[in-house]
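Novice: Just the structure for this:
(one chain, ligands or ions: 1)
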Amino acid sequence: MKKIKINGGKELKGTIKISGAKNSAVALVPASLLSDGIVTIDNIPDISDIDALNEILEFLGAKVKRENDWMIIDQTNLKNKEIPESKAKKLRASYYFMGALLGKYKKVEIYFPGGCSIGARPINLHLKGFAALGANIVEKGNKYLIEADELKGNNIYLDVPSVGATINIMLAAVKAQGLTVIENAAKEPEIVNVATFLNNMGAKITGAGTSEIRIKGVNKLGNGFTEVIPDRIEAGTYVIAGALMGNKLKIENIIPEHIESLTLKLKEMHIPIEIYDDYLIISKCNNMKPVSIKTQGYPGFATDLQQPMTVLLVGANGTSVLEETIYENRFQNIPFLNEMGADIIIDSRKIYIKGPKKLSGKEIIATDLRAGACLVLAGLKADGITIIKEVEHILRGYENIIEKLKNVGADIVLVDE
Ligand code: EPU
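Specialist: Residues are numbered from 1 along each chain as shown. All right, here's what the predicted structure looks like:
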């Protein structure tokens, strides 16, 4: 069992370079199988979610070569096979094989995906989209058989602007006959990254990044190249680390616009932050103002940064209110923060954070990826030793988190026992 051990209270100084976005990469890799040729993806993060997708691709017959942060995938010998439950359950993004295999072979047999336990996370909108394109869906327990004689373009309205459903429907529709229009689509930058990649392979997609995406079906997708965009959630996590413990901490390889909902909040809290073209510099502030935050789809405040942000609000002068509107079970970090000295009350979808409070090191558990990131930040801030268990959740989504933090002055180690 791996644990993270942090001796807190150390100043963070120097530079952290942000890796490729997990939530883009985990869609780009399955999207690559729509190609009948060879695709290259640059800036792939070295995280265990990518290893799990790699395993599925190789199981389907793709030849995958990974070197540094490049991934070259040869799809010429791909076969459509049922993806075993053990592989599908390793991560959420295995659901992108639904859209990709359906789009390519008009048939897919797959199990319900895995991923962090942060709410019910249904996939009804993905299935609604496939059905609208003409697919027949048979659900047996947690296994799905999705099949179509022909996929035909259609107008699909998403009741909720779901990132996963938007991408999955795009994947299924790129080779459908005629025009597909996704209305009330999600607008996250990761969706633009996937659409650009598909267009590079020969697809005809317009409007990605807006709430109406139009996909004109094509017969064939060929070779393609793309670069994974910088991870705005990883960036946001380290920006918060800088606000907690930074002394002119530089966060580089970022797209500042992608984290504007965070940086504007930090400015509201009076945190000193200087933003440049592709980097920013941040220092801690001893007199932070409390704020109200409500999570929303992009460009609103990202749900994935809600848990990391909570640690910062613990140190603010007064009561902050944070409302989680996307997932119903994303407060599993709170009892641990309270054990460490925070004063946070959970009231349904809202939390009230009474500050300023001091944190002290404890033995705690990472229940999911972003809860884990929150606890790492708490450990950096706290007096004394923090030990975080079940850190596999964290390693799924943060490339080299230990080295990146150690390099800027944190006293942090990964213990394997
Ligand atoms: N929803 C439905 N039906 C659906 C799909 C979604 O009701 O068919 C609801 C969800 O229950 C949720 C909301 O719609 O309340 C939004 O969910 P969305 O589909 O956008 O989430 P997702 O695609 O499953 C991705 C990221 C998440 C991130 C969300 C929101 C991946 C693999 N996951 O999930 O990332 O929180 O978008 O931005 O891209 C993480 O990185 O820690 C993480 C959980």
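
Novice: Assign residue 244 to helix, strand or coil.
Specialist: What DSSP: H, G, I helix; E, B strand; the rest coil gives for residue 244 is helix.

Novice: quick one: the strands in the stretch 301-417 of the chain?
Specialist: For the stretch 301-417 of the chain, applying DSSP state E, counting those that start in this stretch gives strands covering 319-323, 344-347, 350-354, 363-365, 385-389, 411-416.

Novice: quick one: strands adjacent to the first one?
Specialist: When sheet partners are counted by DSSP bridges, strand 319-323 sits next to strand 292-294 (parallel), strand 350-354 (antiparallel).

Novice: a markdown table for the ones you listed, including mean pLDDT and mean neighbour count?
Specialist: All C-beta spots, glycine's among them, are computed from the backbone N, C-alpha and C. Shown next, in a markdown table, are the strands paired with strand 319-323 (pLDDT from 0 to 100; neighbours: other C-beta atoms under 10 Å):
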| stretch | mean pLDDT | mean neighbour count |
| --- | --- | --- |
| strand 292-294 | 98 | 17 |
| strand 350-354 | 98 | 19 |
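
Novice: can you put those strands in CSV and add distance to residue 186?
Specialist: Below are the strands paired with strand 319-323 laid out as CSV (distance: least, C-beta to C-beta, whole Å):
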stretch, distance to residue 186
strand 292-294, 17
strand 350-354, 24
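
Novice: got the strands of the stretch 301-417 of the chain as JSON lines, with distance to the ligand columns?
Specialist: Putting the strands of the stretch 301-417 of the chain into JSON lines (distance: least, C-beta to the nearest ligand atom, whole Å) gives the following:
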{"stretch": "strand 319-323", "distance to the ligand": "14"}
{"stretch": "strand 344-347", "distance to the ligand": "18"}
{"stretch": "strand 350-354", "distance to the ligand": "16"}
{"stretch": "strand 363-365", "distance to the ligand": "17"}
{"stretch": "strand 385-389", "distance to the ligand": "16"}
{"stretch": "strand 411-416", "distance to the ligand": "20"}
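
Novice: now the strands: where do they sit in the stretch 51-200 of the chain?
Specialist: With DSSP E, counting those that start in this stretch as the criterion, the stretch 51-200 of the chain has strands spanning 63-67, 70-74, 107-111, 136-140, 143-147, 155-157, 179-183.

Novice: Using TSV, please lay out these together with mean neighbour count, mean pLDDT and distance to residue 228.
Specialist: As requested, the strands of the stretch 51-200 of the chain are exported to TSV (neighbours: other C-beta atoms under 10 Å; pLDDT from 0 to 100; distance: least, C-beta to C-beta, whole Å):
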stretch	mean neighbour count	mean pLDDT	distance to residue 228
strand 63-67	13	95	13
strand 70-74	19	96	9
strand 107-111	19	94	24
strand 136-140	11	94	31
strand 143-147	18	95	27
strand 155-157	16	98	27
strand 179-183	20	98	22
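
Novice: Tabulate the ones you listed (TSV), appending distance to residue 92.
Specialist: Listed next are the strands of the stretch 51-200 of the chain as TSV, based on distance: least, C-beta to C-beta, whole Å:
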stretch	distance to residue 92
strand 63-67	20
strand 70-74	19
strand 107-111	12
strand 136-140	18
strand 143-147	15
strand 155-157	21
strand 179-183	20
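
Novice: Can you say which of these is nearest to residue 200?
Specialist: strand 70-74 (13.6 Å; C-beta to C-beta).

Novice: what lines up beside that closest one in the sheet?
Specialist: Here, using DSSP bridges, strand 70-74 pairs with strand 38-42 (antiparallel), strand 63-67 (antiparallel).

Novice: returning to that earlier point: now tabulate the strands of the stretch 301-417 of the chain in a markdown table and tack on distance to residue 128.
Specialist: Formatted as a markdown table, the strands of the stretch 301-417 of the chain follow (distance: least, C-beta to C-beta, whole Å):
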| stretch | distance to residue 128 |
| --- | --- |
| strand 319-323 | 27 |
| strand 344-347 | 32 |
| strand 350-354 | 30 |
| strand 363-365 | 36 |
| strand 385-389 | 39 |
| strand 411-416 | 42 |
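
Novice: Please identify the one among those that comes closest to residue 23.
Specialist: That would be strand 319-323 among the strands of the stretch 301-417 of the chain, by C-beta to C-beta, at 21.3 Å.

Novice: how close does the residue of the chain most remote from its centre get to residue 204?
Specialist: Residue farthest from the centre of the chain, counting by C-alpha atoms, centre = their mean, is residue 149 at 33.6 Å. Distance, residue 149 to residue 204, using C-beta to C-beta, to the nearest Å: 23 Å.

Novice: Which residues of the stretch 201-350 of the chain lie near the ligand?
Specialist: Residues of the stretch 201-350 of the chain lying close to the ligand by C-beta under 6 Å from any ligand atom are 303, 304, 326, 327.

Novice: Count the residues that sit near the second one.
Specialist: A count of neighbours around residue 304, defined by other C-beta atoms under 10 Å, yields 25.
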